[in-house]
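Student: quick one, structure for this:
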Amino acid sequence: MNSNFPAPADATLYWEDFREGDVREFGGVVVKREDIVRFAAEFDPQPFHVDELAAQDTMFGGLIASGWHTASMAMRMMCDAYLLKSASLGSPGLESLKWLQPVRPGDTLHMRLAVLESRTLQSKPGVGLVKIRHEVVNQHGQTVMEMQGFGMFRRRPV
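Tutor: Residues are numbered from 1 along each chain as shown. Take a look at the predicted model:
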């Protein structure tokens, strides 16, 4: 094992715990109108994210969350569900990110994680690479966002 990548003392999830074909569901974030407006005012101040009246005259017919806000909520759900309990070493990036449906005030968002691929890094034998598809799903079962990318995790100590 490579000691350059120490795992947190309380890590319970390692690369070995992410097997191809695994599916996990987690989350339960209620989207609040004030949070939509606050996030958008700072990071994505388009009218359909910050102004309910202006949003009524758009193709969305009302206020919607920024896609970047949705991605941020997804990241928080991932941290709470597994990343903060894992020997995570970050991510080399995403292959895709798609916003499929608008997220509205009052929606409740959950996530579905599917492990697509898992392998060790030849250049760093103490590190495993996991290809994951994350779907953000609303209370109606609609997928509102999908992202696919990689996570790096320390391998379980012997």
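Student: tell me where the chain has strands.
Tutor: Using DSSP state E, the strands assigned to the chain run over residues 23-30, 93-99, 108-120, 127-137, 143-154.
Student: any chance of those strands in CSV, plus distance to Thr12, mean pLDDT and mean neighbour count?
Tutor: Quick note: C-beta positions are derived from backbone N, CA and C, even for glycine. CSV is the format used below for those (distance: least, Cβ to Cβ, whole Å; pLDDT from 0 to 100; neighbours: other Cβ atoms under 10 Å):
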stretch, distance to Thr12, mean pLDDT, mean neighbour count
strand 23-30, 14, 97, 13
strand 93-99, 25, 98, 12
strand 108-120, 16, 98, 16
strand 127-137, 15, 98, 20
strand 143-154, 12, 98, 19
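Student: out of the ones you listed, flag the one nearest Leu83.
Tutor: The minimum distance between Leu83 and the strands of the chain falls on strand 143-154, with 8.1 Å, by Cβ to Cβ.
Student: wait, Val31 sits on Ser72?
Tutor: No. No contact is recorded between Val31 and Ser72 when judged using Cβ atoms under 8 Å, the distance being 11.4 Å.
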